[in-house]
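Trainee: give me the fold of what follows.
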Amino acid sequence: MPKGPAPAPASAATDASDPHAYDAYEDDRHEEKPVVETVIEEERFGTMTVRLDMEVGEVTVEGESVPRIGLVRAKETEAADEHIPIGTRDARLLTLTVDGEEAVIDPAKGRLTRRSYRVDVRHADHTWRLVPDSIPGSRLLRDDEHIGDFSSDGDGRVLAEWREDAEPGALDAALGYALAAAFGTGAQPMWILTVEAASEMLPG
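Mentor: The predicted model follows:
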(Lines give C-alpha, C1' and ligand atoms only; values in the text may rest on other atoms or scores of the structure.)
Protein backbone atom coordinates (compact mmCIF):
# COMPACT_ATOMS: atom_id res chain seq x y z
CA MET A 1 0.00 0.00 0.00
CA PRO A 2 1.51 3.38 -0.91
CA LYS A 3 2.61 5.42 2.02
CA GLY A 4 1.24 8.88 2.59
CA PRO A 5 3.51 11.91 2.35
CA ALA A 6 5.71 12.67 5.32
CA PRO A 7 4.52 15.51 7.57
CA ALA A 8 5.68 18.91 6.42
CA PRO A 9 8.40 20.35 8.66
CA ALA A 10 7.27 22.84 11.27
CA SER A 11 8.08 26.40 10.42
CA ALA A 12 10.59 28.36 12.42
CA ALA A 13 7.69 30.00 14.22
CA THR A 14 6.24 26.62 15.24
CA ASP A 15 7.36 24.73 18.32
CA ALA A 16 7.89 21.15 17.09
CA SER A 17 7.41 19.87 20.62
CA ASP A 18 3.92 21.36 20.70
CA PRO A 19 1.47 18.40 20.40
CA HIS A 20 -0.82 20.62 18.31
CA ALA A 21 1.89 21.85 15.96
CA TYR A 22 0.61 19.83 13.02
CA ASP A 23 -3.12 20.10 13.65
CA ALA A 24 -3.64 22.49 10.77
CA TYR A 25 -1.63 20.23 8.47
CA GLU A 26 -3.66 17.20 9.44
CA ASP A 27 -6.88 19.14 8.82
CA ASP A 28 -5.63 20.03 5.35
CA ARG A 29 -4.95 16.36 4.59
CA HIS A 30 -8.47 15.25 5.55
CA GLU A 31 -10.65 14.86 2.51
CA GLU A 32 -14.36 14.22 2.72
CA LYS A 33 -15.82 11.54 0.53
CA PRO A 34 -17.40 12.98 -2.58
CA VAL A 35 -20.97 13.95 -3.28
CA VAL A 36 -21.87 13.10 -6.88
CA GLU A 37 -25.01 14.41 -8.55
CA THR A 38 -25.82 13.20 -12.05
CA VAL A 39 -28.61 14.38 -14.34
CA ILE A 40 -29.92 11.62 -16.59
CA GLU A 41 -32.09 12.06 -19.66
CA GLU A 42 -34.21 8.90 -19.79
CA GLU A 43 -35.98 8.34 -23.10
CA ARG A 44 -38.94 6.74 -21.32
CA PHE A 45 -39.04 8.71 -18.08
CA GLY A 46 -37.58 12.14 -18.84
CA THR A 47 -35.04 13.95 -16.69
CA MET A 48 -33.90 12.22 -13.51
CA THR A 49 -31.35 13.24 -10.90
CA VAL A 50 -29.24 10.66 -9.07
CA ARG A 51 -27.38 11.96 -6.02
CA LEU A 52 -24.84 9.91 -4.03
CA ASP A 53 -23.34 11.21 -0.79
CA MET A 54 -20.61 8.77 0.21
CA GLU A 55 -19.75 10.66 3.40
CA VAL A 56 -23.09 10.14 5.14
CA GLY A 57 -24.19 7.15 3.05
CA GLU A 58 -27.20 8.45 1.16
CA VAL A 59 -28.67 8.02 -2.32
CA THR A 60 -31.62 9.96 -3.73
CA VAL A 61 -33.28 9.60 -7.10
CA GLU A 62 -35.95 12.04 -8.25
CA GLY A 63 -37.57 13.44 -11.37
CA GLU A 64 -40.84 14.82 -12.65
CA SER A 65 -42.07 11.45 -13.91
CA VAL A 66 -40.66 9.06 -11.29
CA PRO A 67 -41.28 8.57 -7.56
CA ARG A 68 -38.65 9.94 -5.22
CA ILE A 69 -36.39 7.23 -3.86
CA GLY A 70 -34.34 7.73 -0.72
CA LEU A 71 -31.83 5.22 0.60
CA VAL A 72 -29.82 6.22 3.64
CA ARG A 73 -27.39 4.63 6.08
CA ALA A 74 -28.20 5.04 9.76
CA LYS A 75 -26.99 8.32 11.22
CA GLU A 76 -23.66 8.40 13.01
CA THR A 77 -22.55 5.07 11.54
CA GLU A 78 -19.26 4.68 9.73
CA ALA A 79 -18.90 3.00 6.35
CA ALA A 80 -18.15 -0.66 7.01
CA ASP A 81 -16.84 -1.29 3.50
CA GLU A 82 -15.14 1.35 1.38
CA HIS A 83 -15.98 -0.64 -1.77
CA ILE A 84 -19.72 -0.13 -1.26
CA PRO A 85 -20.79 3.40 -2.23
CA ILE A 86 -23.42 3.61 0.51
CA GLY A 87 -20.99 2.02 2.97
CA THR A 88 -22.78 -1.14 4.13
CA ARG A 89 -24.79 -4.19 3.08
CA ASP A 90 -26.34 -4.52 6.54
CA ALA A 91 -30.10 -4.09 6.10
CA ARG A 92 -30.42 -3.08 9.75
CA LEU A 93 -28.48 0.10 8.98
CA LEU A 94 -30.37 1.02 5.81
CA THR A 95 -33.70 2.76 5.29
CA LEU A 96 -35.37 2.79 1.87
CA THR A 97 -38.33 5.05 1.08
CA VAL A 98 -40.53 5.43 -1.99
CA ASP A 99 -42.19 8.85 -2.02
CA GLY A 100 -41.73 8.92 1.75
CA GLU A 101 -43.22 5.46 2.33
CA GLU A 102 -40.82 2.91 3.78
CA ALA A 103 -39.99 -0.17 1.70
CA VAL A 104 -38.10 -3.34 2.63
CA ILE A 105 -34.51 -3.65 1.42
CA ASP A 106 -32.45 -6.80 1.90
CA PRO A 107 -28.91 -6.83 0.49
CA ALA A 108 -27.20 -10.22 0.51
CA LYS A 109 -23.85 -10.43 2.30
CA GLY A 110 -21.60 -10.66 -0.77
CA ARG A 111 -19.54 -13.86 -0.61
CA LEU A 112 -18.20 -16.20 -3.29
CA THR A 113 -20.87 -16.05 -5.99
CA ARG A 114 -22.34 -13.27 -8.06
CA ARG A 115 -25.76 -14.16 -6.68
CA SER A 116 -24.49 -13.41 -3.18
CA TYR A 117 -24.16 -9.73 -4.19
CA ARG A 118 -27.86 -9.37 -5.00
CA VAL A 119 -30.04 -6.66 -3.47
CA ASP A 120 -33.75 -7.37 -2.92
CA VAL A 121 -36.56 -4.86 -2.42
CA ARG A 122 -40.20 -5.43 -1.49
CA HIS A 123 -42.81 -2.71 -1.88
CA ALA A 124 -46.50 -2.44 -2.82
CA ASP A 125 -46.95 -6.18 -3.44
CA HIS A 126 -43.98 -6.35 -5.82
CA THR A 127 -40.37 -7.48 -5.54
CA TRP A 128 -37.24 -6.23 -7.27
CA ARG A 129 -33.77 -7.72 -7.43
CA LEU A 130 -30.55 -6.20 -8.71
CA VAL A 131 -28.04 -9.03 -9.19
CA PRO A 132 -24.65 -9.15 -10.96
CA ASP A 133 -24.53 -11.16 -14.17
CA SER A 134 -21.13 -10.03 -15.53
CA ILE A 135 -17.99 -8.30 -14.31
CA PRO A 136 -19.31 -4.76 -14.98
CA GLY A 137 -23.07 -5.18 -14.97
CA SER A 138 -26.16 -6.30 -13.08
CA ARG A 139 -29.65 -7.22 -14.20
CA LEU A 140 -32.80 -5.77 -12.70
CA LEU A 141 -35.67 -8.18 -12.06
CA ARG A 142 -39.22 -7.20 -11.19
CA ASP A 143 -41.27 -10.10 -9.86
CA ASP A 144 -38.63 -12.44 -11.38
CA GLU A 145 -38.91 -10.81 -14.83
CA HIS A 146 -35.68 -9.47 -16.33
CA ILE A 147 -36.57 -5.91 -17.32
CA GLY A 148 -33.25 -4.07 -17.60
CA ASP A 149 -29.48 -4.01 -17.26
CA PHE A 150 -27.49 -1.53 -15.17
CA SER A 151 -23.84 -0.65 -14.80
CA SER A 152 -22.09 1.59 -12.31
CA ASP A 153 -18.48 1.69 -11.14
CA GLY A 154 -19.53 2.79 -7.68
CA ASP A 155 -18.97 6.48 -8.38
CA GLY A 156 -22.66 7.41 -8.46
CA ARG A 157 -22.87 7.44 -12.24
CA VAL A 158 -25.29 4.86 -13.63
CA LEU A 159 -26.07 3.56 -17.10
CA ALA A 160 -29.27 1.64 -17.84
CA GLU A 161 -30.55 -0.32 -20.82
CA TRP A 162 -34.12 -1.58 -20.85
CA ARG A 163 -34.99 -4.87 -22.51
CA GLU A 164 -37.00 -4.51 -25.70
CA ASP A 165 -39.59 -7.06 -24.60
CA ALA A 166 -40.09 -5.48 -21.15
CA GLU A 167 -42.40 -2.70 -20.06
CA PRO A 168 -40.61 -0.95 -17.19
CA GLY A 169 -42.52 1.56 -15.11
CA ALA A 170 -41.39 4.74 -13.41
CA LEU A 171 -40.87 2.95 -10.09
CA ASP A 172 -38.74 0.29 -11.79
CA ALA A 173 -36.50 3.00 -13.20
CA ALA A 174 -36.14 4.95 -9.97
CA LEU A 175 -35.36 1.84 -7.92
CA GLY A 176 -32.92 0.49 -10.50
CA TYR A 177 -30.92 3.71 -10.59
CA ALA A 178 -30.96 4.00 -6.79
CA LEU A 179 -29.77 0.45 -6.15
CA ALA A 180 -27.05 0.63 -8.80
CA ALA A 181 -25.76 3.92 -7.38
CA ALA A 182 -25.88 2.68 -3.78
CA PHE A 183 -24.21 -0.70 -4.25
CA GLY A 184 -22.46 -0.55 -7.60
CA THR A 185 -22.93 -3.30 -10.16
CA GLY A 186 -21.18 -6.42 -11.45
CA ALA A 187 -18.93 -8.96 -9.77
CA GLN A 188 -16.03 -11.22 -10.63
CA PRO A 189 -16.80 -14.84 -11.61
CA MET A 190 -16.92 -17.37 -8.80
CA TRP A 191 -13.47 -18.84 -9.40
CA ILE A 192 -11.78 -15.46 -9.04
CA LEU A 193 -13.79 -14.64 -5.91
CA THR A 194 -12.77 -18.00 -4.45
CA VAL A 195 -9.07 -17.43 -5.19
CA GLU A 196 -9.21 -13.95 -3.66
CA ALA A 197 -10.94 -15.26 -0.53
CA ALA A 198 -8.37 -18.05 -0.16
CA SER A 199 -5.44 -15.65 -0.60
CA GLU A 200 -6.77 -13.42 2.16
CA MET A 201 -6.61 -16.39 4.56
CA LEU A 202 -2.94 -17.08 3.88
CA PRO A 203 -0.46 -15.84 6.52
CA GLY A 204 1.67 -12.85 5.67
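
Trainee: drop to CA atoms for contacts and neighbour counts, all remaining ones
Mentor: Noted.

Trainee: which one's the longest helix in this protein?
Mentor: helix 170-183 (DSSP state H).

Trainee: state the mean pLDDT of that one.
Mentor: Helix 170-183 shows a mean pLDDT of 98.

Trainee: tell me the buried residues in that helix?
Mentor: Neighbour-count burial for helix 170-183, counted by 16 or more other C-alpha atoms under 10 Å, picks out 172-183.

Trainee: not counting sequence-adjacent ones, nearest residue to Thr88?
Mentor: With C-alpha to C-alpha, 6 or more residues apart in numbering as the criterion, Thr88 has its nearest non-adjacent residue at 5.5 Å, and that residue is Ala80.

Trainee: wait, that neighbour sits on Asp90?
Mentor: No: using C-alpha atoms under 8 Å, Ala80 and Asp90 do not qualify as a contacting pair, with a distance of 9.1 Å.

Trainee: residue ranges of the strands in this protein, please?
Mentor: According to DSSP state E, the chain carries its strands in the segments 35-42, 46-53, 58-63, 66-73, 94-98, 101-107, 119-123, 126-132, 137-142, 145-151, 159-162.

Trainee: turn those into TSV, columns for mean pLDDT, distance to Ala187 and mean neighbour count.
Mentor: TSV is the format used below for the strands of the chain (pLDDT from 0 to 100; distance: least, C-alpha to C-alpha, whole Å; neighbours: other C-alpha atoms under 10 Å):
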stretch	mean pLDDT	distance to Ala187	mean neighbour count
strand 35-42	96	22	14
strand 46-53	98	21	20
strand 58-63	98	21	24
strand 66-73	98	22	22
strand 94-98	98	22	20
strand 101-107	98	14	17
strand 119-123	98	13	18
strand 126-132	97	6	22
strand 137-142	98	8	24
strand 145-151	98	11	21
strand 159-162	97	16	16
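
Trainee: distance to Ile86 for those - can I get that in CSV?
Mentor: Formatted as CSV, these follow (distance: least, C-alpha to C-alpha, whole Å):
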stretch, distance to Ile86
strand 35-42, 11
strand 46-53, 8
strand 58-63, 6
strand 66-73, 7
strand 94-98, 9
strand 101-107, 12
strand 119-123, 13
strand 126-132, 15
strand 137-142, 17
strand 145-151, 16
strand 159-162, 18
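
Trainee: of the buried residues of helix 170-183, which is the nearest to Ile40?
Mentor: Ile40 has its nearest neighbour among the buried residues of helix 170-183 in Tyr177, at 10.0 Å by C-alpha to C-alpha.

Trainee: for the closest residue to Ile84 other than its chain neighbours, what are its contacts?
Mentor: With sequence-adjacent residues excluded and distances taken as C-alpha to C-alpha, 6+ apart, Ile84 is closest to Phe183, at 5.4 Å. Listed by C-alpha atoms under 8 Å, 6 or more residues apart in numbering, the contact set of Phe183 reads 84-86, 154.
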